[in-house]
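In: got a predicted structure here, sequence first:
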Amino acid sequence: MSDLTDLSSLEGLSGNEAIKATSNHLRGLIKEELLEDTPAFGDTSETLLKFHGIYQQDDRDRRKEARARGLSKHHQLMIRTRIPGGVVSPDAYVAHDEISRKWANGTLRVTTRQDFQLHGVLKGDIKKSIRAINDSLLTTLGGCGDVERNIMCCPEPVADQFHNEVDRSIGAMVTEFTPKTRAYHEIWLDGEVVKTSEPEVESLYREQYLPRKFKTTVALEGDNCVDIYAHDLALVAMRSTSGALRGFNVLVGGGLGRTHNKPETFVAVAQPLCFVEPDQVVDVAREVVAVQRDYGDRANRRHARLKYTIADRGLDWFRDEVQSRVKFKLQPPERLSWKPVDDHLGWHEQGDGRLYVGIYIENGRIADVDDVRSRSGLRKIVDELRPQVRLTAQQNVILAGIDPPDRSRVEELMAEHGIAGVESIPHAIRNAMACPAIPTCGLAVAEAERALPGLIRQLTTLLDELGLGDERISFRMSGCPNGCSRPYLGDVGFVGTTLGKYDVMLAGDFNGTRLNRVYAPNVPIAEIPALLRPTLEAFREEREPAEGFGDWVNRTGLEALRDRFALSGTAS
Ligand code: SRM
Ligand code: SF4
């Protein structure tokens, strides 16, 4: 038990609040249950494990068979490694690759927030896996749970003054926001239970941590490759004319999770709050989180994200509250402008005489499937040339620090393993993302990662046929309305409603600055290409030069297009 004395203060709060408060800083009974010869952890541990970067799941493909045979679910664990800015050393890459082969399902998943996920780990192998990750100097602590999640950043591996200063700010924020509990060390790394007179202080998170997950990203002026508008807290690093870091525009209150048929849950884009100087950014970020800690809804988890606090109390109230907690004056936010999103794929110079190459990974799944053996290929390149690896917010991989004479060897190894260079990947495929959904995600109501490859190839054929093959159109699919692949910020979103059916969303934009809306609800996947054909044809005929698909839909009017093409639809 924690030293929380007044449990009556938890009355009326969600069950998770009591679990957190009485967990003794995230220990609960995880250590004890780990020793038990059972395939799964209990419910309370399941909740607490998330803070340690671990989700208890079951293999949904095997549910039916298990039910038929009177067996219980096939329990397994998913591990999420928290990787600030997506930067992975060659040793850490190798460690994850080894875990994926030995104890997980043989694949590595790059997430939309620049982390690695390992699926299919059995309870008996979890401790070894977490240890191996720690030995490679990364951690899973805070990968999930009601804390600050992984802090994202544009992964462009350029080592100039601006990038270095941004990296320093991120490093300071990571230190500030990493939970201070020693539970992680004790449970997973066999750290001794430290008996000291000094209390274990979570000065930011306190006994109950945050009301809900909290997400922060850092973009570099002009390039929204990290989808700032989806975030609770977004920081846009601004460059001075001399190339130094001038400060950060701060935006707050974005979030994409919603629930079908529950209009009180909604998608929101982050709104501009203020501008701060580089040495003020950690303080302001901490106080943004602290205001949400103090005022976020702890009774209803569906209403507990920062976007709801701001919707209920107003952005001006929020700014005043943050202002009252910092010692400097918050400056008005500056106007942001965006160039087309850079996915950082292909070969680039990185400014120090070396090169980096961005490699496309379909839906982030590094695997050996048929002729495309990205897992073996990347491992061979990393073993041989030891590049730094960076994970992108589009679920792709960058190999950085490559000496120019080694470029041909990288290309040779890519070709040997069926890893395509970006120039041969159709734009629709390159700009598509899907979340894992079935079989690992317990919340999925439809397929995504396994469904999008087929659909996107049909759409590629359609676009080619219409002469639109060179258009940059983003297609994003998720297996439920939680929006893990950020479908609401793409030109086109497919949001699963039930097995085989999706709400088709249009009128977003390629730069992810505007939410899309439902064009047609509940569409069987096989009908999606035919549904989109007339709209794409009209786009081809009526667009302004260089106008993107989502922008054209937005200008023409979603409702007008729906009427024109004889659809009727409302959000499901
Ligand atoms: Fe997510 C829950 C996967 C990014 C919104 N997300 C989940 C879980 C853990 C399901 C669960 O709770 O049992 C999924 C695990 C599936 C699996 O088998 O791996 C899951 N989310 C993912 C990933 C792996 C999708 C991907 O394609 O990469 C991403 C991991 C990111 C990371 O490394 O931390 C992922 N999730 C997102 C994003 C995008 C983002 O943050 O940029 C969102 C929308 C933004 C937001 O948070 O508002 C997102 N995930 C959710 C939600 C809805 C939250 C809400 O406010 O309602 C849930 C459900 C929940 O929290 O209750 C969820
Ligand atoms: Fe699961 Fe839904 Fe997230 Fe997809 S969007 S991973 S189905 S929670």
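Out: Received, thanks. Ligands and ions are numbered 1, 2, ... in the order given.
In: what's the closest residue to ligand 1 within the chain in contact with, if anything?
Out: Here the residue of the chain nearest ligand 1 is Gly257; by Cβ to the nearest ligand atom that distance is 2.0 Å. C-betas here are computed from N, CA, C, even on glycine. Shown in contact with Gly257 (Cβ atoms under 8 Å, 6 or more residues apart in numbering): 265, 267, 305, 481-483.
In: just checking: which of the residues you listed also lie near ligand 1?
Out: Near ligand 1, judged by Cβ under 6 Å from any ligand atom, the entries from the contacts of Gly257 are 305, 482-483.
In: what parts of this structure come near ligand 1?
Out: Counting by Cβ under 6 Å from any ligand atom, the residues of the chain near ligand 1 are 55, 78, 80, 111-113, 115, 117, 149-150, 213, 215, 227, 230, 255-257, 305, 364, 435-436, 440-443, 482-486.
In: tell me the buried residues within these.
Out: Using 16 or more other Cβ atoms under 10 Å as the burial test, the residues of the chain next to ligand 1 include 55, 78, 80, 111-113, 115, 117, 149-150, 213, 215, 227, 230, 255-257, 305, 364, 435-436, 440-441, 482-486 as buried.
In: what pLDDT does the spatially most central residue of the chain get?
Out: By Cα atoms, centre = their mean, the chain has its centre lying nearest to Arg113, at 2.8 Å. Looking at Arg113, its pLDDT reads 98.
In: now the one 5 residues further on
Out: At Leu118 the predicted local confidence, pLDDT, stands at 98.
In: and it, backbone torsions?
Out: phi -120, psi 120 (degrees, to the nearest 10).
In: so who does the residue lying closest to Thr47 once chain neighbours are set aside touch?
Out: Spatial nearest neighbour of Thr47, chain neighbours left out: Ile19 (5.0 Å); criterion: Cβ to Cβ, 6 or more residues apart in numbering. Ile19 is in contact with 28, 44, 47-48, counting by Cβ under 8 Å, 6+ apart.
In: how much space separates Val389 from Gly358?
Out: 11 Å (Cβ to Cβ, to the nearest Å).
In: so the two - more neighbours on which side?
Out: Val389 (27 against 24; other Cβ atoms under 10 Å).
In: about what we covered before: report the two of the contacts of Gly257 separated the most.
Out: Arg305 and Pro481 (14.0 Å; Cβ to Cβ).
In: so where does Phe539 fall, helix or strand?
Out: Assigning secondary structure by DSSP states H and E places Phe539 in helix 528-542.
In: which positions in that helix come out as buried?
Out: 528, 532, 535-536, 538-539.
In: helices or strands up against the very next helix or strand once past that helix?
Out: Per DSSP H and E, the first helix or strand lying C-terminal to helix 528-542 is helix 549-556. In terms of contacts (3 or more Cβ pairs under 8 Å, 6 or more residues apart in numbering; DSSP states H and E), helix 549-556 is packed against helix 528-542.
In: and the helix it packs on with helix 549-556, angle?
Out: 70 degrees (axes from the mean of the first three to the mean of the last three Cα atoms, to 10 degrees).
In: helix 528-542 packs against which elements?
Out: Counting by 3+ Cβ pairs under 8 Å, 6+ apart, helix 528-542 packs on helix 452-465, strand 501-506, strand 517-524, helix 549-556, helix 558-564.
In: which residues are in contact with the fourth one?
Out: Contacts to helix 549-556, defined as Cβ under 8 Å, 6+ apart, come from residues 471, 473-474, 490-492, 506-510, 514, 516, 519, 535-536, 538-539, 542-544, 547, 561.
In: residue ranges with poor pLDDT in the chain?
Out: Scanning the chain for pLDDT under 70 picks out 1-6, 192-199, 568-572.
In: up against ligand 2, what does it have?
Out: Residues of the chain lying near ligand 2 (Cβ under 6 Å from any ligand atom): 435-437, 441, 443-444, 448, 478-480, 482-484.
In: can I get the residues you listed in JSON lines including secondary structure and distance to Asp279?
Out: Converted to JSON lines, those look like this (DSSP: H, G, I helix; E, B strand; the rest coil; distance: Cβ to Cβ, whole Å):
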{"residue": "Cys435", "secondary structure": "coil", "distance to Asp279": "37"}
{"residue": "Pro436", "secondary structure": "coil", "distance to Asp279": "39"}
{"residue": "Ala437", "secondary structure": "coil", "distance to Asp279": "43"}
{"residue": "Cys441", "secondary structure": "coil", "distance to Asp279": "41"}
{"residue": "Leu443", "secondary structure": "coil", "distance to Asp279": "41"}
{"residue": "Ala444", "secondary structure": "coil", "distance to Asp279": "44"}
{"residue": "Ala448", "secondary structure": "coil", "distance to Asp279": "42"}
{"residue": "Ser478", "secondary structure": "strand", "distance to Asp279": "39"}
{"residue": "Gly479", "secondary structure": "coil", "distance to Asp279": "43"}
{"residue": "Cys480", "secondary structure": "coil", "distance to Asp279": "41"}
{"residue": "Asn482", "secondary structure": "coil", "distance to Asp279": "36"}
{"residue": "Gly483", "secondary structure": "coil", "distance to Asp279": "34"}
{"residue": "Cys484", "secondary structure": "coil", "distance to Asp279": "34"}
